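*Asks:* Provide a 3D model corresponding to the input given below.
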Amino acid sequence: MAEERQGTKTLAVNRRARYDYTVEENLECGIALEGTEVKSLKAGKFSFSDSYAKIDNDQLVLVGFHITPYMFGNIHNHEPDRLRVLLAHKKEIKRLKRKVDERGYTLIPLRVYLKRGLIKLDLGICQGKKQKDKREAIKERDVKREVEREFRGRL
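*Replies:* Okay, the predicted model is just below:
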């Protein structure tokens, strides 16, 4: 990826989010994890289909983020579908709350990655696309692909 810098490793990208939503802004957040969740995440045993973030009691909370229990864990293994707190500054949370309440934005996880040994989540401030917008995006992508093919064919 072009975004990857030295010291970061992408664990997964939520491609469905970019199809269903237009991303206005990105926000890097940490995740408050317990026990064996870190090992499961590093092994890639998670899914964020249908997950989103909400603001509850001045905290960012991640809903619907499934982390499979660690295979080699013991009786103290984590609960797969619990609510997870996202770590962000209070000012950012207040700004997000205003956007979500006033303008109808949705907070969608776009990417999970490692940065200097810590697990981070790229949270997108998104607005839902209509079916017409989705078709136009597909059409634009196809046209762009055809132009690139022709350009490569002439070289």
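*Asks:* and the longest helix for this structure?
*Replies:* The helix that spans the most residues within the chain, counting by DSSP state H, is helix 131-154.
*Asks:* thought G73 was touching V38?
*Replies:* No. The criterion here is C-beta atoms under 8 Å, and G73 misses it with V38 at 11.3 Å. Where C-beta positions appear, they are placed from N, C-alpha and C, glycine not excepted.
*Asks:* and the two? which has more neighbours close in?
*Replies:* A direct count of neighbours by other C-beta atoms under 10 Å for G73 and V38 places V38 higher, at 18 against 14.
*Asks:* show me what the helix or strand where that one lies packs onto, helices and strands only.
*Replies:* Take DSSP states H and E as the rule and V38 turns out to sit in helix 37-42. Counting contacts by 3 or more C-beta pairs under 8 Å, 6 or more residues apart in numbering; DSSP states H and E, helix 37-42 packs against strand 66-67, strand 118-128.
*Asks:* what's in contact with that helix?
*Replies:* For helix 37-42, the external contacting residues (C-beta atoms under 8 Å, 6 or more residues apart in numbering) are 11, 33, 46, 67-70, 72-73, 78, 112, 114, 119.
*Asks:* can I get that helix in PDB, CA atoms only?
*Replies:* Provided in PDB are the C-alpha atoms of helix 37-42 (Å, rounded to 0.1, in the frame of the first residue of the first chain):
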ATOM      1  CA  GLU A  37      -6.900 -10.500  21.900                       C
ATOM      2  CA  VAL A  38      -3.600  -9.100  20.700                       C
ATOM      3  CA  LYS A  39      -2.300 -12.500  19.700                       C
ATOM      4  CA  SER A  40      -5.500 -13.200  17.800                       C
ATOM      5  CA  LEU A  41      -5.300  -9.900  16.000                       C
ATOM      6  CA  LYS A  42      -1.700 -10.400  15.100                       C
END
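*Asks:* if I pick the closest residue to Q59 other than its chain neighbours, what's in contact with it?
*Replies:* In space, and not counting its chain neighbours, Q59 is closest to V85: 5.7 Å by C-beta to C-beta, 6 or more residues apart in numbering. V85 makes contacts with I31, A32, Q59, L60, V61, L62, as judged by C-beta under 8 Å, 6+ apart.
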